[in-house]
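Participant: predicted model, plus sequence, below.
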Amino acid sequence: MPCVEEVAIVGGGPSGAYCAYNLARQGIKPIIFDHSHPREKPCGGGISPSLIEKFPFLEKFRLNGSTFGKFKIISCINTEVLTAQLEDGFCISRRSLDQSILDMAIENGASLIREKVISLKKEGNLWKIKTQQSEYSSQILVGADGVNSIVRRNTVGPIAKENLALTYGYLANGIVKENALIKFLAEIPGYIWVFPGKDFSNIGIGSNLANGKVLKKLLDDYVTSNLPHAKKISSYAALLPSASDAEFFKLPCAGENWLLVGDAAGHVDPISGGGILYALWGGELAAQAISNNDPSSFDDLWRKAFGKTLEENCKNKDKFYDPLHLTMSIMAGLANKTFFWA
């Protein structure tokens, strides 16, 4: 008969690891299931000044990344503006960032089981967790296992295709550090990013899932024309949540003994595709709900903290990516050397 764990977290990315860290600091020692983290992913790894202000511990990882110098925003008609919004921010390899947060959790008492969860079943008040090697039982289950979350599939159901986006990208060398930029696309709603890093640069593109077939060509055309010295090391692609209907955020992310955080909860900015802020914030609030012996209260906590922002950005996404609106916004920013990036 396997022992019963108090809290099991499926997924060791930022949301799961930071949830585990906060629980462990309060004397609750969770187990984390993850067979693949840390790993690189098609994410720029941008850490903004506002993110550092919210989570000051991120500052200690700066030396593992590359501090932003100039940051350029380019409209779909190639109007350019330098923004001060990301000044003193930095970009970091997602492998490095994710490993660092996972280390924090383990150092404070969380346990990592490097096994893939292949099935879940609720029996009475317990969750039965099966991996390819073993079986476990837990009183509380946290789904931090990304957009294709097995925990989500066994609770509220998978994220619908219309609320998904696709990113495609490269790790590359040969990029000048001053060339950190975001380039909005004329052909589809979305953008290209170029984030120079410490050991390599991250070049990527993202848009709604429906536009997935054209992403590689659009990115390759941009790289050929604008980054002729880039030397690709590897390529990768990934799905991410990108709500197109604000009703999506009314779906529950918690129940009597389960919670969803990060990408598994769909907590990604619908405009920018940024998820690190909400991964950490959600992980922190999930730990608070669990430590208060009320997992279901997580829904009230995240909605009060950032739910309204996600809903409003979802409602404004089409307007934001309208070429005329976006170009006028960037031209206005050109006058004062600033531009608001969601």
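Facilitator: Cool, got the structure.
Participant: could you check the pLDDT of the nearest residue to N173 once chain neighbours are set aside?
Facilitator: What sits nearest to N173 in space, not counting adjacent residues and going by Cβ to Cβ, 6 or more residues apart in numbering, is K231, at 4.7 Å. Just so you know, the C-beta spots here come from the backbone N, C-alpha and C atoms, and that holds for glycine as well. pLDDT, K231: 92.
Participant: go on, C91?
Facilitator: 86.
Participant: which residues does it contact?
Facilitator: Going by Cβ atoms under 8 Å, 6 or more residues apart in numbering, C91 touches G44, G45, G46, I47, G65, S66, F68, A180, F195, P196, G197, N202.
Participant: same deal with L280?
Facilitator: L280 neighbours (Cβ under 8 Å, 6+ apart): P14, S15, Y18, K54, F55.
Participant: buried subset of the residues you listed?
Facilitator: Neighbour counting with 16 or more other Cβ atoms under 10 Å marks P14, S15, Y18, F55 as buried within the contacts of L280.
Participant: on that earlier part again, okay, the contacts of C91 in CSV with pLDDT and distance to T224 next?
Facilitator: Output for the contacts of C91, formatted as CSV (pLDDT from 0 to 100; distance: Cβ to Cβ, whole Å):
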residue, pLDDT, distance to T224
G44, 74, 20
G45, 81, 24
G46, 85, 24
I47, 90, 29
G65, 85, 27
S66, 83, 24
F68, 79, 25
A180, 79, 20
F195, 86, 19
P196, 82, 18
G197, 77, 21
N202, 89, 18
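Participant: as TSV, these with distance to E256 would be great.
Facilitator: Formatted as TSV, the contacts of C91 follow (distance: Cβ to Cβ, whole Å):
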residue	distance to E256
G44	37
G45	36
G46	37
I47	35
G65	40
S66	44
F68	44
A180	45
F195	41
P196	46
G197	42
N202	40
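Participant: which two in these are spaced the farthest apart?
Facilitator: Spanning the widest gap among these are I47 and P196, at 13.8 Å by Cβ to Cβ.
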